[in-house]
Each structure stands twice: as structure tokens, then as C-alpha cells.
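>>> would you be able to build a 3D model of this:
(chains A and B)
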Amino acid sequence: GAVVSQHPSRVICKSGTSVKIECRSLDFQATTMFWYRQFPKKSLMLMATSNEGSKATYEQGVEKDKFLINHASLTLSTLTVTSAHPEDSSFYICSAAVSNTGELFFGEGSRLTVL
Amino acid sequence: KQEVTQIPAALSVPEGENLVLNCSFTDSAIYNLQWFRQDPGKGLTSLLLIQSSQREQTSGRLNASLDKSSGRSTLYIAASQPGDSATYLCAVPPTLSGSARQLTFGSGTQLTVLP
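Predicted structure coming up:
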């Protein structure tokens, strides 16, 4: 199947700093990528849809200024958690769809811990 | 609004057993249904994708069925192995009028296969 890579897999930061997470589609182009957040022992919660060359679409309740999404190329989307606080600690996962089948492939996830 | 339910929430079986995981969804107007596997602290691995026009898909020891009219899908795992231990998630797009790629996830079934 198609490969989606996330980096970093783990990051620890101090409260008030910003953290950037990258999501890359390695062997296909993705005009749309998705960012999810997952709490312990819970399912995935869609945060936003990242569209190449245009603004991201955020789900209700997700702060646009807190979670900045940039999709500057067909293979890269980034999520920046700005002024991170301990409550932002979570597991963040991205996904991208193969256009001809609609099948979604996921990155390995990024564990963010804010001290 | 599409809702996805998975039963059971957790399942423990001895090695070698055949088992069935259940997924139900409230809105039958879907593009497809996808089964994923998630290992602890990892991203999601796509197992099977069933298009709305299909009734089942097979991959190795896995067989997934889809009954749109009743809003149900099952994932059958044959001859289970300890390496199958993971959380299994099913996901469907909300409705035909929504984005095919904005999946709604079930809460997952945590499977433990005992050696």
C-alpha cells in the first residue's frame, strides 16, 4: 500500500513553545490530507482537512490559531501546535487518500508531551 | 450524523481460534468501509477497503463483509496468532453527500490473542 510518513514520532516541549509536525506522502501525491487527534484508549477525532494550495478546513471546536496547518505541496502537510500547553499533549495522526480508490493511509503518529 | 459502533470493545482468545469483530453504522449511504489495525503508540495500518458495491474483501487470513442495508460489517480473522493482538478500527465516510475521505471511526475492538 501507499506510504505516509510522519515526523517526529515523539516530541517533548515546554509550555508556551510551538511544535511542528510533518506529514509526507512518500510514493503518491495527495491533494488532501487529514489531521486527527487521539486521546488514550479513544478513537480518532478529526481535527482538520488540509487542502494543497488553500486554507485548511477545521472541525467544529478546533482552534484555527492554535493548530496551524500548511499544505504547501502535493506531498507535504504540516501541523504546528502554537503556544503549546499541557492539555495539548496527545497523539496526533495524519492521513492521505489515494485518489483513485479513496483508500486512506495513515502516518505512524506523533506523540506530543507538553511539560 | 453518521455513528459507528464496534462490538465487543475488547476480546481475548487463545491462539488458533477463528474470530469475528463487528462494526455497525447508522447511515447506510456510504462510499466504502475500511478496516484498520492500530498497535499501541502507533498509527493506523489499512487492512481492507470494501467499496459500497462490494459485499466482501479478503486478504490472507482476513475477510471483511459489508451489508449496507443493515448497516453492518464484520471482520473475520482465521487461525488467530499472538501477532494479531492490536486494536481494530472500522471507519466509514459520513454520507454520500459528504467527503468520501472524512472518515467516522468506531471506538475499536482491542484484541488479545493468547499464546
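>>> nearest spatial neighbour of B:Asp27, chain-adjacent residues omitted?
If the residues on either side of it in the chain are set aside, B:Asp27 comes closest to B:Gln2, at 4.7 Å by Cβ to Cβ, 6 or more residues apart in numbering or on different chains. Quick note: C-beta positions are derived from backbone N, CA and C, even for glycine.
>>> now name the helix or strand holding that neighbour.
Using DSSP states H and E, B:Gln2 sits in no helix or strand.
>>> is it true that it touches B:Phe25?
Yes: under the criterion of Cβ atoms under 8 Å, B:Gln2 makes contact with B:Phe25 at 6.2 Å.
>>> give me the pLDDT value at B:Gln102.
Note for B:Gln102: predicted pLDDT of 68.
>>> can you pull out the low-pLDDT segments for the chain?
You didn't say which chain, so I picked chain A. Along chain A, the model assigns pLDDT under 70 to residues A:1, A:99-102.
>>> that's the other chain; I wanted chain B
Using pLDDT under 70, chain B drops low at B:94-102.
>>> let's see that with 80 instead.
B:1, B:93-102 (pLDDT under 80).
>>> what does it put close to chain A?
B:31-32, B:34, B:36, B:41-46, B:49, B:51, B:89, B:91, B:99-103, B:105-108 (Cβ under 8 Å from any Cβ of the partner chain).
>>> recalculate using a threshold of 7 Å.
B:31-32, B:34, B:41-44, B:46, B:49, B:89, B:100-103, B:105-108 (Cβ under 7 Å from any Cβ of the partner chain).
>>> ok, how many other residues are close to residue 30?
I went with chain A, as the question did not name one. 27 (other Cβ atoms under 10 Å in any protein chain shown).
>>> meant chain B actually
23.
>>> pretty sure it sits against B:Ser52.
Yes: B:Ile30 lies in contact with B:Ser52 (Cβ atoms under 7 Å); the separation is 5.7 Å.
>>> what's across from the residue most central in space within chain A in the sheet?
By Cα atoms, centre = their mean, chain A has its centre lying nearest to A:Trp35, at 3.7 Å. Judged by DSSP bridges, the bridge partners of A:Trp35 are A:Ala48, A:Cys94.
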